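> with the input below, show me the fold.
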Amino acid sequence: MSHTPRTSTVAGCTLLAIALGATLTGCGEDDNPLTAAPYDAADQISFSGPGAAGGKADPDKPLEVVAQGSDGRITDVTAADASGRYVAGELSADGRRWHSTSPLAADARYTVRVSTENQDGAPGRKVLAFVTGKPTAEKRLDVTFGPKAGTYGVGQPLTAELSVPVADRAQRAVVERALKVSSTPAVQGSWHWVDDKELHYRPEAYWPAHATVQVRSNLDGIKINDRLWGGKAEQLEITTGDRVVAVTDAAAHSMTVYKNDEAVKTIPVTTGKPGFDTRNGVKVVLGKERFVRMRSTTIGIAEGSSEAYDLPVHFATRVTWSGEYVHAAPWSVGSQGYANVSHGCTGMSTADAEWFFDTVREGDVVEVVNSAGHTMEPFGNGFGDWNLTWDEWRAGSALVAGDPAGPGPQDAARLRPAAA
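Numbers count the residues shown, from 1 in each chain. Take a look at the predicted model:
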């Protein structure tokens, strides 16, 4: 059954007013065969903004759709550019006005679909198109994602480095909303602003083992502020390996290494002695060096003092930029498993250090418990991201509800396997 068009309306696209100053095309009715034949909505709605320049719409201005007169209301509006990027918007409770709440892209073609109904409930629909002009701002914001493509441990955060600082929360929201992360399997995650030029992304718990993670930017051509527009960014894909978590109990002087939640090796170790206590908390492997020369002067110990040292160190796995490693310490084998005698690193026999070196990769997790040291800082000295609770992490997002990467939470423990 079809509805009879209302005779009080005037058919045709020409009566649709739009203050874009842009050419409107395709303003006929939708061809959806599941929709009852709509009455002509041409005299029921009007468009305003963005303001026009040279026949193209100004992306600086918001898009607005308004119901005209008293005979009808707006029921739905969708606006998207040719690449499929949707414009967020809000519809008033009375259905009289819809306005965009996210920026338009520059130099883009948009299609706007408006659904209406009249006072008798008869549906109407119109489809219009317009083109935005090129950006006139002087600066472009480019994004560089990290780490480089490859395979990492399940603790590896994603990073986004911005070429221009963004301090305003509303502008940060524009940037963050355009940085899209997806993973297979899907997990929930969020960006966290480390500072004005750096964001980190992590799931609520660690990434799943053997996952594929992709990050891309939809910022290109998007206005961030009056003088700043989004630039292009290279998409990044990484994968994760086995779930490897090493838990060091400083009080028990031992490290247990878990692979896919199964304990595979327990190693006697020594950690930092009083005054040089090893940091508690979760750290992420930053890199591996087969040989490092460690000098006490690099951590502020004066040369010639009783605590001074200058040692050749083998099989060194770095967990902080300030010089904390898991490494071979043949000089302290007698204390390993019994006492903490290091200057903050986790020391073990050469054979055990070589096994650990060969077992872990960048992004794997090293957690220290029961040390008298302070907790690993979240940022600035490596990846201490996991030392923030999920609520604390989400508080660093510029979006009210964060920006989940997937539909469901990861069902692994947040810090370490239950067997630990």
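
> can you give me the helices for this protein?
169-178, 350-359, 390-394 (DSSP state H).

> for Glu64, which of the ones you listed is the nearest?
Nearest of these to Glu64, taken as C-beta to C-beta: helix 169-178 at 19.0 Å. For every residue, glycine as well, the C-beta is placed using N, CA and C.

> and that closest one, how far out from the chain's middle?
Counting by C-alpha atoms, centre = their mean, to the nearest Å, helix 169-178 is centred 11 Å from the centre of its parent chain.

> got the buried residues for stretch 146-162?
146, 152-160, 162 (16 or more other C-beta atoms under 10 Å).

> was I right about Glu354 contacting Val326?
No: under the criterion of C-beta atoms under 8 Å, Glu354 makes no contact with Val326, lying 11.5 Å away.

> between the two, who's got more neighbours?
Val326 (29 against 15; other C-beta atoms under 10 Å).

> how close does that one sit to Ser102?
46 Å (C-beta to C-beta, to the nearest Å).

> before we move on, what about Cys345?
49 Å.

> more neighbours: these two, which one.
The residue with more neighbours, out of Cys345 and Ser102, is Cys345; 25 against 19, by other C-beta under 10 Å.

> my read is that the more buried one contacts Gly272, right?
Yes: between Cys345 and Gly272 there is a contact under C-beta under 8 Å: 7.4 Å.

> shared neighbours, these two?
By the contact definition C-beta atoms under 8 Å, 6 or more residues apart in numbering, Cys345 and Gly272 are jointly contacted by Thr278.

> stretch 375-387: end-to-end distance?
One end of stretch 375-387 sits 8 Å from the other (C-alpha to C-alpha, to the nearest Å).

> got a list of contacts for it?
155-157, 192, 194, 200, 202, 206, 279-284, 286, 318-322, 365, 368, 388, 393, 414-415.

> rewinding a little: okay, the helices of the chain in JSON lines with mean pLDDT next?
Formatted as JSON lines, these follow (pLDDT from 0 to 100):
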{"stretch": "helix 169-178", "mean pLDDT": "95"}
{"stretch": "helix 350-359", "mean pLDDT": "98"}
{"stretch": "helix 390-394", "mean pLDDT": "96"}
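
> can you tell which of these is closest to Ile74?
It is, among the helices of the chain and with distance given as C-beta to C-beta, helix 169-178, at 24.1 Å.

> buried ones in the closest one?
171-178.

> what is the nearest of the buried residues of stretch 146-162 to Val292?
Out of those, the member with the shortest distance to Val292 (by C-beta to C-beta) is Gly153, at 20.6 Å.

> report pLDDT for that closest one.
Note on Gly153: pLDDT of 98.

> wait, doesn't it sit right on Ile238?
No: Gly153 lies out of contact with Ile238 (C-beta under 8 Å); the separation is 10.6 Å.

> so how far is stretch 260-272 off the chain centroid?
32 Å.

> I meant stretch 131-144, not that one.
22 Å.

> ok, now stretch 356-374?
Worked out by C-alpha atoms, centre = their mean, stretch 356-374 lies 24 Å from the chain centre.

> return that stretch as PDB; C-alpha atoms alone will do.
Extracted in PDB, the C-alpha atoms of stretch 356-374 (Å, rounded to 0.1, in the frame of the first residue of the first chain):
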ATOM      1  CA  PHE A 356      65.600 -14.700  29.000                       C
ATOM      2  CA  PHE A 357      67.200 -12.500  26.300                       C
ATOM      3  CA  ASP A 358      66.300 -15.200  23.700                       C
ATOM      4  CA  THR A 359      62.800 -15.700  25.000                       C
ATOM      5  CA  VAL A 360      61.400 -12.100  25.200                       C
ATOM      6  CA  ARG A 361      60.800  -9.500  22.500                       C
ATOM      7  CA  GLU A 362      60.000  -5.800  22.500                       C
ATOM      8  CA  GLY A 363      56.600  -5.300  24.000                       C
ATOM      9  CA  ASP A 364      56.700  -8.200  26.400                       C
ATOM     10  CA  VAL A 365      55.800  -7.500  30.000                       C
ATOM     11  CA  VAL A 366      58.200  -7.400  33.000                       C
ATOM     12  CA  GLU A 367      56.400  -6.800  36.400                       C
ATOM     13  CA  VAL A 368      58.100  -6.300  39.700                       C
ATOM     14  CA  VAL A 369      56.300  -6.900  43.000                       C
ATOM     15  CA  ASN A 370      57.200  -6.700  46.700                       C
ATOM     16  CA  SER A 371      60.100  -4.200  46.200                       C
ATOM     17  CA  ALA A 372      60.600  -1.200  48.500                       C
ATOM     18  CA  GLY A 373      61.000   1.000  45.400                       C
ATOM     19  CA  HIS A 374      58.400   3.400  44.100                       C
END
